Every structure is written in structure tokens, then in C-alpha cells.
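Q: here is a sequence together with a model predicted from it:
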Amino acid sequence: MSGPPGTALRLDQRYVQRVLADAGLHARHNLSQNFLADVDVLERILAEAMPRPGRGVLEIGPGLGFLTGGLLAGGAAVTAVELDRGLAAFVAAAYPDAMESGQLRLIQDDALDQDLVNLVPPPYDVVANLPYHITSPILHRMLGQAPRAERLVLMVQREVAERIAAAPGAMSYLSVFVQYHARARVAFRVPREAFEPAPKVESAVLVLEPYDTDDRLDAEAEDQLWRLVQAGFRERRKMLHNVLRRQLPIDAEQVEAALAKVGIAPDRRPQTMAVGEWIALSEALGPIPGGR
């Protein structure tokens, strides 16, 4: 694995500070930039990402390119999307041979403005260090349409990672959405001190493995499912039978009958519902008025 030109990779906060200073760069608070500064964490991320020769990898937010180097060293064909113009130029200069050969392709743009699922030919994987404020929209884009990645290894805020991978009892709309599309697990936590500058919160590496397309509902049934789940989580700590009749244009008798049909107690709270229970309830309710 190599670092920036003329350096050996040894990550710590002082080293990252020096690299930034030498390149005339700095962490931009408005872009939530925190650069990985712990080689052990880097190696653990690479172990989860499992780069291999010829494998397509979409990297969102390469930063200073240390993880990029590990992916390239594993033989992966990397497409990296970086919003910061200075960082994109730095990474391109760090790996000139990979740029020339086409093993590394750099896109200097906002990831939210890209057609992410079509940037890398399938099968492909995703590796990303996601700022908190774009985690949800990136997940919706990467999981909500095909062709989906086969594996996503994401550095996110620890609380967000734990919410996404939560068990029934601590579910949210986002956890239902993600777990409908993919197996989710928190691989490991990452302390604040693993970054330069250190963020205010801990991070975690989240691993997602999307299910086969055949395991999903058809488009109309999915639309109804998300309408139901969104309605439920508007009052996630309230009793389900009360929430649904208030949030959806259906009467109390229809709600009670559907809950009884699938064996869900009417006093259950939305946060206790597993993905399969939401699907069963959606089917039992039948078409919801006002939907597509």
C-alpha cells in the first residue's frame, strides 16, 4: 500500500496535519471533512471491503486517498467521487500510474449530483466515509434502485450505524428501509481520535449486503409499504392502531382487522416492528386510498 507521492504510509494525526500543510490543504468544516489518521482502522476497513483484482469499487469521499491506495493495491478498479477540488487533484497526483492505466477514475463532483448506481459496471462494491448529513440520501440512492452494489462498507456516525442495524424495539424508518434492502451489521466502532481533526462524535463502520432483486416486492407494493412505514414512524412511540388511523385515510375497523389477520397486537409501537411484519401488514391492509 502506498501513500501520497514520496511517502510511506504511517497514519497518525500529526502525519495527516503535515500532509495537508505540505499540499496547501485544510479540513473544511462546511464539508464535514475529517481525515482518517489510524492505520489499524484503515486495515480493518480494507479487510471488510475485500478489494481484489479487477473488482469495481465506487469510493465516495476519498479524502487524502489513503483508503484509495489500499483498494488499488488489492487490484480493484476504483471510481472515486470527491467534492473538494483540491483533494481530487491531490489524489490524482498521488496515484499517477493508476490514473494513466485507468485503474483509478476520479470524478470531482458532489456525490448527490451523480447517478451513483450507474458509475461502475456491476458487479461492484461501495466504500465510503459519509458525513452525517448525506448518509440517508446516499443510502436511499444506493439501495432504492438498481443496479445495486453487492457490498457497501460505510464509515458513518456511530449512532446512525447502530440505528440502521437496530433490532425490533429500536427501529426507525431508516432501519426498516435499509433492512428491507440489505443485511446490515456494525463491523466495529471508530473512536474520535482516529481522525484529524477529531470529530465531536464517534463513528462506526457499517457493512451492508443487499439482497437479490427477486427478494423485493413489485414497485406498486413497495410504494404502499413505504407509505405505511412512513405513516407509522410519524408517531413511533404511540400504539400502532391509533397511529395508522390518524396518519392514513383508513378507518379504525380496517386497521384492527388487518392487525388481527397478521397477528400483530394493536398496542404494539412502530419501533418494535420487524421488516417482515410491516410487509405482512401492508399486504393485509390492501390498497391505501390516495396512493399511486
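A: Yep, it's here.

Q: show me which helix runs longest in this structure.
A: helix 219-232 (DSSP state H).

Q: surely residue 59 is in a strand?
A: Yes. Using DSSP: H, G, I helix; E, B strand; the rest coil, the assignment for residue 59 is a strand.

Q: hey, what's the residue lying closest to it once chain neighbours are set aside bridged with?
A: What sits nearest to residue 59 in space, not counting adjacent residues and going by C-beta to C-beta, 6 or more residues apart in numbering, is residue 80, at 4.4 Å. All C-beta atoms are positioned from the backbone trio N, CA, C, and that covers glycine. Beta-bridge pairing for residue 80 (DSSP bridges): residue 59, residue 106.

Q: surely residue 80 meets residue 62?
A: Yes. In this structure, residue 80 is within contact of residue 62 by C-beta atoms under 8 Å, at 4.3 Å.

Q: any shared contact partners between the two?
A: Common contacts of residue 80 and residue 62 (C-beta atoms under 8 Å, 6 or more residues apart in numbering): 68, 91, 106.

Q: could you look up the SS state of the first one?
A: So the one you mean is residue 68. helix.

Q: residues contacting it?
A: Contacts of residue 68 by C-beta under 8 Å, 6+ apart are 59, 62, 78, 80, 91, 94, 95, 104.

Q: mind running it again at 10 Å?
A: By C-beta atoms under 10 Å, 6 or more residues apart in numbering, the contact list for residue 68 reads 1-2, 57, 59, 62, 76, 78, 80, 82, 91, 94-95, 98, 104, 106, 127.

Q: restricted to helices, list those.
A: Among the contacts of residue 68, the members that lie in helices (by DSSP H) are 91, 94, 98.

Q: what about the first one, neighbour count?
A: Other residues within reach of residue 91 by the criterion other C-beta atoms under 10 Å amount to 27.

Q: with the last one instead?
A: Other residues near residue 98 come to 22 when the count uses other C-beta under 10 Å.

Q: pull the contacting residues for it.
A: For residue 98, the contacting residues are 2, 68-69, 71-73, 77-78, 91-92, 104-106, by C-beta under 10 Å, 6+ apart.

Q: right, and residue 220 touches residue 287 too?
A: Yes. Residue 220 lies in contact with residue 287 (C-beta atoms under 10 Å); the separation is 8.8 Å.

Q: alpha carbons only: can I get stretch 75-84 in PDB?
A: Provided in PDB are the C-alpha atoms of stretch 75-84 (Å, rounded to 0.1, in the frame of the first residue of the first chain):
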ATOM      1  CA  GLY A  75      -6.200  -4.700  -7.600                       C
ATOM      2  CA  ALA A  76      -9.600  -3.100  -7.500                       C
ATOM      3  CA  ALA A  77     -10.700  -0.800 -10.300                       C
ATOM      4  CA  VAL A  78     -11.700   2.400  -8.300                       C
ATOM      5  CA  THR A  79     -14.100   5.100  -9.300                       C
ATOM      6  CA  ALA A  80     -13.700   7.800  -6.700                       C
ATOM      7  CA  VAL A  81     -16.200  10.800  -6.300                       C
ATOM      8  CA  GLU A  82     -14.700  13.700  -4.400                       C
ATOM      9  CA  LEU A  83     -16.500  17.100  -3.900                       C
ATOM     10  CA  ASP A  84     -13.400  19.000  -2.900                       C
END
